[in-house]
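Student: Need the 3D shape of this:
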Amino acid sequence: MKNLCTIALLISLFSSCKPSSSIFSDKKFAKYVQNNPLHQKTLIGVSVFDMDKQTYIVQHNHDKYFTPASTTKLFTFYAGLKILGKEVGTQTPAIQYLVRPDSLIIFGTGNPTFLHAEFGNPTVMDFLKNRKEKIYFSDANWKDLHFGDGWSWDDYNEYYSVEKSIFPIYGNYVTFSTHTEKQIEVSPSFFRTNLKEDSKMGDGLLVQRKIRENDFTYSLKKTEKPQSQEVPFVTSADLTAHLLTDTLKKEVKYIRYPYKKSEINTLKSFEADSLYRRMLQPSDNFLAEQILLMCSSQIAEGQVNTQSTIDFMLKNYLSDFTDKPRWVDGSGLSRMNLFSPRSQVELLLKIYKEIATDKTGEKRLFDMLAIGGKTGTLRNLFKSYPPFVFGKTGSLSNNACLSGYLITKSGKRLCFAFMNNHFLQPTAAIRTEMEKMLTTFYLNY
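Tutor: Presented below is the predicted three-dimensional model:
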């Protein structure tokens, strides 16, 4: 309650600092920021670009490097468009396989949809169930680590820190849910035998996994309402084979069979746009990481890893950036990512050019992003007017960013990047300030 009161007080205190149309120049914007008590101990970088006039309106620390947090997912989105395909209805690589006289050997592509709770995608399940051969799983094409560079190790139990893998299954997490104090449901049920109770953990549904093992401890005290918790499991090739066996009800064995691209067939399924939308709107870290891995499976010879996609994109499609990005993961969980506001705007212009070739394409693009006052991580902002901001948020402790597109009341098209780093104020106050400034652009530009 004390924290909520502090946030309310700060928002009230800073609400008097109302931006006006006078912020539409570099000098005036800098003066506005300098006079705003919210920004006196905050690193802020802003770049706003008029897409109709092809000119910058505001550039404030636009060439400085900032921690982008989840706005990194815009780079992942662009990688998907360039490597997996940008056309409507593009299907993603589901699995790769080769057939021997009595054997089916399958390889993962990084596709995250198999038995994922959010996706009804039976293609792989039907394919494997209907095969008569003995099934073997090989991870010989997996050349990566399960965590990204610079990820926080103590987030391992959190829903947003799911491990990467070559053949995800059930989204690489376990869902624990309850409707009463006496019963807990586990999905997939395979992990129920790894669960034990500890009533001393606290009230409500609480589940804690051992840091390097799939052993879970839970508490179920005072659970008056239905509750659920998603906990990542420790992935491995052996576990993937066991989960496939349990799910398919027929044996799947793990073998280290060599990967030769010339022998490989690819089964495709699930529309890429649906993955992008789920990644961008609620900001799904797991999907972002797996999209980069899927891209890698298409460009690398049996070397599926995040870095190969990043290197490919930097060399082939991002080499013209004014400020070279430091890009290390797909989700933005890593604080080692460093982008400038200007590079974010340059990326947004590339994305727009790929998709928004007409009104239908623009609508398709905007519908995949979070929409102010309507969907995703922007649903609680920009609610006073019809939707005019379409973008991607980014949040880490002491960091809040927002990049995207803005349609002004007069119909002008802008793209923007607001990057706030190293602040101690409540994030809600920083977001409210970004909302005020962008609303000023909407009303007055």
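
Student: So which bits of stretch 145-162 are buried?
Tutor: Residues His146, Phe147, Gly148, Trp151, Tyr156, Tyr159, Ser161, Val162 are the ones in stretch 145-162 that count as buried (16 or more other CB atoms under 10 Å). Just so you know, the C-beta spots here come from the backbone N, C-alpha and C atoms, and that holds for glycine as well.

Student: can you check stretch 347-366 too?
Tutor: Leu347, Leu348, Lys350, Ile351, Tyr352, Ile355, Ala356, Gly361, Glu362, Leu365, Phe366.

Student: Kindly report the same for stretch 212-230.
Tutor: So, applying 16+ other CB under 10 Å, buried residues of stretch 212-230: Asn214, Phe216, Thr217, Tyr218, Ser219, Leu220, Thr223, Gln229, Glu230.

Student: One more: stretch 365-379?
Tutor: Those buried within stretch 365-379 under the rule 16+ other CB under 10 Å are Leu365, Phe366, Met368, Leu369, Ala370, Ile371, Gly372, Gly373, Thr375, Gly376, Thr377, Leu378.

Student: Tell me which two in these are the farthest apart.
Tutor: Spatially, the most separated pair among those is Leu365 and Gly373, at 18.0 Å (CB to CB).

Student: I'd say Gly332 and Phe66 touch.
Tutor: No. Look at Gly332 against Phe66 with CB atoms under 8 Å: they stay out of range, at 11.6 Å.

Student: The two: which has the busier surroundings?
Tutor: Gly332 (30 against 26; other CB atoms under 10 Å).

Student: Can you tell me how far the more buried one is from Trp151?
Tutor: According to CB to CB, to the nearest Å, Gly332 stands 11 Å off from Trp151.

Student: who touches both of these two?
Tutor: Residues touching both Gly332 and Trp151 by CB atoms under 8 Å, 6 or more residues apart in numbering: none at all.

Student: What pairs with the helix or strand where Ala400 lies, parallel or antiparallel?
Tutor: Assigned by DSSP states H and E, Ala400 falls within strand 399-407. Applying DSSP bridges, strand 399-407 is found paired with strand 389-396 (antiparallel), strand 413-421 (antiparallel).

Student: With mean neighbour count added, can I get those in JSON lines?
Tutor: Below are these laid out as JSON lines (neighbours: other CB atoms under 10 Å):
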{"stretch": "strand 389-396", "mean neighbour count": "25"}
{"stretch": "strand 413-421", "mean neighbour count": "25"}
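
Student: on that earlier part again, let's have the buried residues of stretch 212-230 in CSV, adding distance to Ser283.
Tutor: Formatted as CSV, the buried residues of stretch 212-230 follow (distance: CB to CB, whole Å):
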residue, distance to Ser283
Asn214, 26
Phe216, 26
Thr217, 29
Tyr218, 27
Ser219, 28
Leu220, 30
Thr223, 28
Gln229, 19
Glu230, 15
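
Student: sorry, back to before: I'd like the strands paired with strand 399-407 as a markdown table, with mean pLDDT and distance to Gln34 appended.
Tutor: Output for those, formatted as a markdown table (pLDDT from 0 to 100; distance: least, CB to CB, whole Å):
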| stretch | mean pLDDT | distance to Gln34 |
| --- | --- | --- |
| strand 389-396 | 98 | 24 |
| strand 413-421 | 98 | 15 |
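
Student: Just send those strands back as JSON lines, with distance to Asn444 too.
Tutor: Shown next, in JSON lines, are the strands paired with strand 399-407 (distance: least, CB to CB, whole Å):
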{"stretch": "strand 389-396", "distance to Asn444": "15"}
{"stretch": "strand 413-421", "distance to Asn444": "12"}
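
Student: Ok, which of the ones you listed comes nearest Phe77?
Tutor: The closest of the strands paired with strand 399-407 to Phe77 is strand 389-396. By CB to CB, the value is 8.2 Å.

Student: what sits up against that closest one?
Tutor: The contact list for strand 389-396, computed with CB under 8 Å, 6+ apart, reads 67-74, 280, 283, 332, 335, 365-366, 369-372, 377-378, 381-382, 400-407, 416, 427, 438, 442.

Student: hey, C-alpha coordinates of stretch 103-111 in CSV?
Tutor: C-alpha atoms of stretch 103-111 as CSV (Å, rounded to 0.1, in the frame of the first residue of the first chain):
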residue,chain,number,x,y,z
SER,A,103,13.4,-45.5,-38.6
LEU,A,104,12.3,-41.9,-38.5
ILE,A,105,15.0,-39.6,-37.2
ILE,A,106,13.8,-36.2,-36.1
PHE,A,107,15.6,-32.9,-35.4
GLY,A,108,14.3,-29.8,-33.8
THR,A,109,14.2,-26.4,-35.5
GLY,A,110,13.6,-24.3,-32.4
ASN,A,111,9.8,-24.1,-33.2
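
Student: measure Tyr78 to Ile355 for me?
Tutor: For Tyr78, the distance to Ile355 equals 10 Å [CB to CB].

Student: Val88 too?
Tutor: From Val88 over to Ile355 the distance is 9 Å, taken as CB to CB.

Student: ditto for Asn157
Tutor: From Asn157 across to Ile355, the span is 37 Å (CB to CB).

Student: so of the buried residues of stretch 365-379, which ones are in helices?
Tutor: Leu365, Phe366, Met368 (DSSP state H).

Student: wait, what's in contact with the last one?
Tutor: Contacts were defined as CB under 8 Å, 6+ apart; by that measure Met368 touches Phe77, Asp273, Tyr276, Arg277, Leu280, Gln281.

Student: The same query, at a cut-off of 7 Å, please.
Tutor: Asp273, Tyr276, Arg277, Leu280 (CB atoms under 7 Å, 6 or more residues apart in numbering).

Student: With Lys134 instead?
Tutor: If you count contacts by CB under 7 Å, 6+ apart, then Lys134 has Asp102, Ser103 around it.

Student: ditto for Ser283
Tutor: With CB under 7 Å, 6+ apart, Ser283 has these contacts: Ser70, Lys73, Thr377, Thr393.

Student: any chance of the residues you listed in TSV, plus distance to Ile135?
Tutor: TSV is the format used below for the contacts of Ser283 (distance: CB to CB, whole Å):
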residue	distance to Ile135
Ser70	37
Lys73	34
Thr377	40
Thr393	42
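
Student: Between the residues you listed, which sits nearest Leu314?
Tutor: Closest approach between the contacts of Ser283 and Leu314, by CB to CB: Lys73, at 16.6 Å.

Student: ok, that closest one - contacts?
Tutor: By CB under 7 Å, 6+ apart, the residues touching Lys73 are Met279, Leu280, Ser283, Ala288, Ser331, Gly332, Lys392.

Student: ok, 8 Å please
Tutor: By CB under 8 Å, 6+ apart, the contact list for Lys73 reads Met279, Leu280, Ser283, Ala288, Gly330, Ser331, Gly332, Lys392.

Student: same question, Leu248
Tutor: By CB under 8 Å, 6+ apart, Leu248 lies in contact with Met125, Leu128, Lys129, Ile135.

Student: Out of these, which sit inside helices?
Tutor: Judged by DSSP H, the subset of those located in helices is Met125, Leu128, Lys129.
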